[in-house]
Structure formats: C-alpha cells, structure tokens
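Undergrad: build me a model from this:
(chains A and B)
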Number of protein chains: 2
Amino acid sequence: MGESRIRIGLLGYGTVGSAFVDLLESQKSTILSRTGLELVVTHIAVSDLNKDRPGLDTQTVLTDKPSEVIENNEVDLVVELMGGLLPARDLVKAALEKNKPVITANKELLSKEGKYLFMLAGERNVDLLFEAAVAGGIPLIRVLRESLLGEPVEKIMGIVNGTTNYILSQMEENGMPYSEALLEAQKLGYAESDPTADVSGQDAASKAAIIAMVAFGADVSLDDVLFEGIQNISSADVAFASRAGCAIKLLAMISKHGHELEVQVYPALLPNSHPLSSVRDSFNAVFVEGTAVDSLMLFGRGAGGMPTASAVLGDVIDAALNLSNKTYRGMEDLKEVSLLPSGEQKSAYYVSVQVVDEPGVLATVALVFAKSDISIQTMEQEGMGREAHLVFITHEVEESRLEDALSQLSNLSCVEKLGTVIRVLEA
Amino acid sequence: MGESRIRIGLLGYGTVGSAFVDLLESQKSTILSRTGLELVVTHIAVSDLNKDRPGLDTQTVLTDKPSEVIENNEVDLVVELMGGLLPARDLVKAALEKNKPVITANKELLSKEGKYLFMLAGERNVDLLFEAAVAGGIPLIRVLRESLLGEPVEKIMGIVNGTTNYILSQMEENGMPYSEALLEAQKLGYAESDPTADVSGQDAASKAAIIAMVAFGADVSLDDVLFEGIQNISSADVAFASRAGCAIKLLAMISKHGHELEVQVYPALLPNSHPLSSVRDSFNAVFVEGTAVDSLMLFGRGAGGMPTASAVLGDVIDAALNLSNKTYRGMEDLKEVSLLPSGEQKSAYYVSVQVVDEPGVLATVALVFAKSDISIQTMEQEGMGREAHLVFITHEVEESRLEDALSQLSNLSCVEKLGTVIRVLEA
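TA: Below you'll find the model as predicted:
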C-alpha cells in the first residue's frame, strides 16, 4: 500500500459533523499507519460563517455555499451530514456526477431517493456509503452488504429508534405513563420538542425502507412502509406484557413470506427469551435470521454524535481505500417486489377493551371473537367499574379478520372503548 | 461490474466444507446477480477418495493431494477448512506464494502463525481472510478490520467458546453440577469426547490472540495468552453468583491499560445488567468498547457447519470481488506490544474457602485478608460441618497481592482447602 492523501469535503458541521472532524483528527496517525492513507478535511460547508469555531484547523476552508465544496477540484470525497431531503439530494447527486464518492448519514434522503442515487453511484463507479443512516454506530449496513451478501436472509427485526426504546424502557422499569416518559426523554435530549417523527414510527420506517433495499435488493421507499407508533400504549399495557413475560418494543420488521416482502414498523410484545427484549434505554439492536447463519444480533448506540461519527469514519476509510485502489463497492439494481398486503398477515394479538363492569360482558365479548373464528390464548380482567378492562391475547389470526372483530366489538353497548391492539411475536 | 468466473479450490470436506459447498450452490444465482461473479468450487481435497459423496457436482475434481489443488492453474482462490497446524500451514503458505487469496477458518493456524502469514499475504498483495476462525457466523473480524478501523477501541470482551457457555448456562439454569452439564454438552455434540481444549480455555485463547492481532495490530500469539478454564467451577459458585445478581461467563479479554495490552481468558462474574450476561446456551457474543462508538455487541452462532459456512462464504465473495478488481484488503504489520504482567492487574475477586466449622474461623480468615490490605465487599457462610464454605467478594486488589493472601490462607489449620477464585467484573 502506497501513501496517498485523500481530501474530504464536509457538508454540515452540527453535532455529528464536528464529532467526525474531532475523531478523524485524533485518529489520523493510526489511520495512516494502518492504511497508508492521509485523510484530511479540507473544506466544510457550514450554515453560519460568522460562528466562532475554535477547534478547527486554520487550514480548513469554510464556506456557506455547499455546492462550492462539491465542485472544488481539491475535494476527492464528500461527506454529507446536513440531513433532510433538500438541498442534500441535489448536492449528493452533483457529487456523484463528478465521480466523487459520497458518505451520508441521511436516512430521509435514502429512504426517499435511494434507488436513484444507488443507480447513479453505480453508473459513475463510485461509492455511496451510508452506515450511519440506519443505526448510528452499529455496523449493520456493512454486515448486510458484505458479510451476508451470500446469506439467504429471511428476516430482520430491528429496534432502530432510541427515543421510543427509551420511553418504553422507562414505562416498563419505572411504571411511568407514556407522557411522563416522553417528557423525561425530552429532558435528556433523546426526544425533540416535537417528537412526532420518532413516536409515530416514521423515523423507524425510513430505516426499514433502507434495510429492505440493502438486505433484499428491494425497490422500497418510505411511502411503501406501513408504520404504527407507540403513542397509544399505556402503562397498563406495558405492565400486562411484563406479567405475561414480554417486553413491548417498537420494531422495524423486514421479512420474507414466500415471494412477498413485509416491510413495516409496529410495536409488539416480544417474549423475554428473545435477545431483542433485553435491549434497554436508548440502545438500538438489529436481529437477523438467515438460513445458514441462523440468528445474529448487532447491538449498540443508534444515535449520538460520536457513535454516528464512528460509523461515518468507517465508511470514509473504506471509500478512501477504494478510491486509491480505483475500485468501489457496487450495489445491485433494486428490483420491484410484492409487498405483503397487510390484511393477510397473520399474528397473535394483544387486545385491550374498556367495558362496562356488569355481569355477562365477558361472554358477550368472547362471543364476538368466537363468531369471527378467533381463538383466545389468555384473558384477564383489570380494574373495576368505569375503569374495567378486558385484556385478551389471541392465537394467530389474519389482521383483516381481527379488524372485523374489533369493529363489531366497538358496536357493542357494553364496550366503552377499544384500547390498544398490539402484535404478539414468538421467541 | 463485468461478469467473471472465480474458481475455488477447497481443502477439507468435513462438516463446514460440505456445508460451504451446499450453501454456495444454493446461492450461486443470487451472488451472480448481486456481484456479477460466478463462483464455482472446481477442486476439493478430501481425506478419503473412496467415500461416496452423492450431493457433489460431478464436474468437481476430487483429490487426496491438497497440494495439487493449490498448484492447479485452474484454481483462483483457496478455501482452507482442514483445521490444525499441519499440513494447513504449508498449504496456505504455498497458496499465498502463488498469489492466490486464501480464506481460512483455522484458529490454531492463525493464533500460532498469523503474523508470518499476514506478512506473506501483504507481500503478495492478496487477501488472507478468516472471519470463520474466531466466532463462527458472527462477523466480528470484518467489523474490526473495516467498520472500526478508525475507531479508538479500548476493550473487547468475548464469549467465544460455545461449549463452555452451554455448560455454564446449564449449571445456572438447571443447577447441574459441572460434570453432568459437560456430559449433556457431549451428548448434544457441543463438546468433544476429550473436551480439554474447550473447557481449559485454550480454544478461547486462540481466538483472543487473533482478536488482539486484528483489533490492536498486536504481535501476539497463542503462547502469549494466559488462560484459565471452567473445570473447577462448582454449581455452588454458580448459585452464589446468581444470588449476587451475576452470571459466570468464560471471557476472552483483550483490553488496553495505558501502553500495555491485556490478552487473557478467564471465567468471571458478570453483573446481569451487562449485555454479555444474558448470552445463553451455545451462543457466542463479543462486546466491544470504543471511545467514539461507545458499546457495541455482536451476538450469534459461534460454531456449527452452516453458520461457519456463512462466514466463509462472506469472505469468499469479498476475496473474489477483490480479485476481479485487482485489489485486496491489507492488514497492518503487527507491532510488538507490552503485555500487562498478570500480577499487576487489579480486579475484585470471588473467593471460596472450605473451612472447619468452628467458632473463630471467620475472624482468623478475615484477619489474613486484613493484613494483606484486601478489603471485603461481602461474605457469606455456606453449608455446615465438613462442607462449610466461606465465600468472599473482595474489593479491587492486584492479583499478586491476592495470591499472597491465598497462600497464607491455605496454611491455616482451620482451612481445609481453597475453593474457586474468580474475577468479578463491573457492568
């Protein structure tokens, strides 16, 4: 390996951008001795040129015009850490068109425009790497694209949103109601002041789309992903799950069912024997099942400046090595796939129903399930009077059949309100 | 990516070898569409030519002379799955000298001759890949060599031997004595009829040496690794640990202490809050701590034909891509490192002492600890009469100071016998 100097243009200098510059600076000599490559951030596009940035090398050129970084002939490789669809999309496109490898941590961009950008990178024979876009410091993308490239992957289940995992962990461990756990997450900086993208499941849905592209070569974008969030989960639901030997987790589920692919995000009751159920706090983890490799789980920090910068740096080194070897890591063309129609999916379900506390209610409710041919694994009555809940766990049933039964239930006079409906997964 | 045909010569056709051939056969078209590469096993060296092998492609050339596979000009890439030091070493060396990339799952070979072979591969500009040598289907090596190449890794703790993890899990979950759990492991095929290599910690020590080379670029071989096994651990030790909120795990520990590197294998009490403590049965897992990435854990199948074949296939595809791109993934030259002298390491310890059950014993024993300036976190007396045990957990103490105290204890008339001494780690 000869020595060579790779000049990096960085777009965005927020939490991750500045962590990346610091990390690269501290690891420069290690990287040089391990790879023969000298990596230097020569240009940075920032939003405010007047801000004081005492830590930065005085040689680094700052600009508030990101396109100048892309165009500059002294930039060999572009790192996009601005986030958001625009102008990131046009900048990444412009960089690839100039045959410059791009590293990005932008889940929104890839979940919406991934197909086009992967194709463009392939046409230009350059790398488009994005480890940090899915699970922060967890090397999921590399493992899927490289280690498991020949593996018959069957299923991927991921806890890929740290905010919701933190909230659910607090609800379970400390019996907090949802609203209080959310407030706590906001105080700690895990949740934004408008937490919708996280708690609605949309953030996880972006990541599910990217995982489906990488693991199954599937032409899936964010719009194709059905997602449910955790906003309606009560501490009673979490407590019931706990008594039933389960944890409630928000899962990104990408799995093969014959020729159809399921790509969804939903909360689920997961038995304590499943490795994902013990993933606490804001940690992320992704569980992969393959025919040959059997079970594989990757666990770590899904967000945060430094863990994300670590993933970005891994990609930067890879792309820099490829650049100096005049090669790149291609991605297959994404194929159209049939997505599993949601109504046909079978699952066991947890169903909570708020009822009038009077004799005969259980029989009336049970009859609705029986007529819909839905068999019940367990039933429990919680609370009394106006707070009375019936809580059921069903055997496996198609979603559409369950929905039917639920709409019948909601018409019963003894039913005050339908509560939470959550899938129950096997170990 | 153009299409090209890579011809694979396979050395060894046992459990992993035949699983590899089957897996490659089933994934051929997927690999072709994803990479443009046609991978074919053209030659296989077997030990017994007369054995019937109905599943094999009739085009595949079988030989009982492995060197013919290496020498053959129609073999582009060599997969070594024979195991053992010889003749594997000479065959791998010969293949590299003919500029052929080598994939190996041979931990013994790499833990003893890794430095020389990595250097040779570097001189010849070819890949020497070995994912399957350390943790079966778990992609640890790729993550260390690629994703974390720029990461300031501080510590790696691994459960890298499935046999001992199965035995310890059985002892914990079912209260089995060691001998019974070992028998159970042998019945299930997890342990060999002579289980020494596994239960003594030697197998894990080979893997620790390889991890030290890859993660820290350290010139460490099996001979440098101190290892202890699990043969002396009793079900009483495991039960005590459990009451103390810990699991006993056999750990490969590779960690930086200033300028010194610790590379050891030992059983340890690990608090239940540590992600490694919930790794059950024959599963393996490796926990990595880095300054930037924080905590990362990889979990999966550390052995078995198919999971190991999955790792081999990942490497084969990588080396084949590199071959067709005329590149390779180099490894830094291994550097001499100072290994932490074992006596200076500090740890808390679990110490079990079999004593005569008479008044004043505790005071006598406690005085020995006090005189050696070893402070005690907890003490418990177990059993009565001739079965009486005192069980201590100490605060942190240098190993040498503890050994001193232990030798004084063994000279006391009230001490029948020293029992188990096990490190206690923090979460």
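Undergrad: residue A:269 in helix, strand or coil?
TA: Secondary structure, DSSP: H, G, I helix; E, B strand; the rest coil: residue A:269 is strand.
Undergrad: just checking, what packs against the helix or strand hosting residue A:322?
TA: Assigned by DSSP states H and E, residue A:322 belongs to helix A:305-324. Helices and strands touching helix A:305-324, by 3 or more CB pairs under 8 Å, 6 or more residues apart in numbering or on different chains; DSSP states H and E, are strand A:4-11, helix A:15-35, strand A:37-45, strand A:77-80, strand A:102-104, strand A:128-129, helix A:132-135. Where C-beta positions appear, they are placed from N, C-alpha and C, glycine not excepted.
Undergrad: so what touches the fifth one?
TA: So the one you mean is strand A:102-104. Residues from elsewhere that reach strand A:102-104, judged by CB atoms under 8 Å, 6 or more residues apart in numbering or on different chains: A:77-81, A:88, A:92, A:95-96, A:110, A:121, A:126-130, A:132-133, A:312, A:315-316, A:319.
Undergrad: go on, the last one?
TA: The contact list for helix A:132-135, computed with CB under 8 Å, 6+ apart, reads A:16, A:103-107, A:110, A:140-141, A:158, A:160, A:207, A:210-211, A:284, A:286, A:298, A:300, A:302, A:308-309, A:311-312, A:315.
Undergrad: tell me the SS of the residue of chain A positioned farthest from its centre?
TA: For chain A, the largest distance from the centre (CA atoms, centre = their mean) belongs to residue A:359, which lies 45.6 Å off. Counting by three-state DSSP, the backbone at residue A:359 sits in coil.
Undergrad: low-confidence stretches in chain A?
TA: A:1-3, A:342 (pLDDT under 70).
Undergrad: before we move on, the earlier item: from the contacts of helix A:132-135, keep the buried residues only.
TA: Applying 16 or more other CB atoms under 10 Å in any protein chain shown to the contacts of helix A:132-135, the neighbour count classes A:16, A:103-107, A:110, A:140-141, A:158, A:160, A:207, A:210-211, A:284, A:286, A:298, A:300, A:302, A:308-309, A:311-312, A:315 as buried.
Undergrad: now residue A:114, nearest residue through space, not along the chain?
TA: residue A:213 (5.5 Å; CB to CB, 6 or more residues apart in numbering or on different chains).
Undergrad: which other helices and strands contact the helix or strand where the one you found lies?
TA: Per DSSP H and E, residue A:213 falls inside helix A:202-216. Helix A:202-216 sits against helix A:107-123, helix A:132-135, helix A:140-142, strand A:153-159, strand A:226-227, strand A:246-257, strand A:260-271, with contacts defined as 3+ CB pairs under 8 Å, 6+ apart.
Undergrad: and these as CSV, adding distance to residue B:328?
TA: Output for the helices and strands packed on helix A:202-216, formatted as CSV (distance: least, CB to CB, whole Å):
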stretch, distance to residue B:328
helix A:107-123, 22
helix A:132-135, 26
helix A:140-142, 18
strand A:153-159, 27
strand A:226-227, 42
strand A:246-257, 32
strand A:260-271, 35
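Undergrad: now, of these, which is deepest in the fold?
TA: Stretch with highest mean neighbour count among those: helix A:132-135 (a mean of 29; mean count of other CB atoms under 10 Å in any protein chain shown).
Undergrad: quick one: it to chain centroid distance?
TA: Per CA atoms, centre = their mean, to the nearest Å, the displacement of helix A:132-135 from the mean C-alpha position of its chain is 7 Å.
Undergrad: repeat that for stretch A:105-116.
TA: Stretch A:105-116 has its C-alpha centroid displaced from the chain centroid by 13 Å (CA atoms, centre = their mean).
Undergrad: burial of residue A:8, as a residue count?
TA: By other CB atoms under 10 Å in any protein chain shown, 24 other residues sit near residue A:8.
Undergrad: could you do residue A:50 as well?
TA: Neighbours of residue A:50 (other CB under 10 Å): 6.
Undergrad: what residues are up against residue A:184?
TA: So, once contact is read as CB under 8 Å, 6+ apart, residue A:184 ends up touching A:166-167, A:170, A:176.
Undergrad: who wins for neighbours among the residues you listed?
TA: Highest neighbour count within the contacts of residue A:184: residue A:167, with 31 neighbours (other CB under 10 Å).
Undergrad: list the residues that contact it.
TA: Here residue A:167 is in contact with A:178, A:181-182, A:184-185, A:191, A:199, A:230 (CB under 8 Å, 6+ apart).
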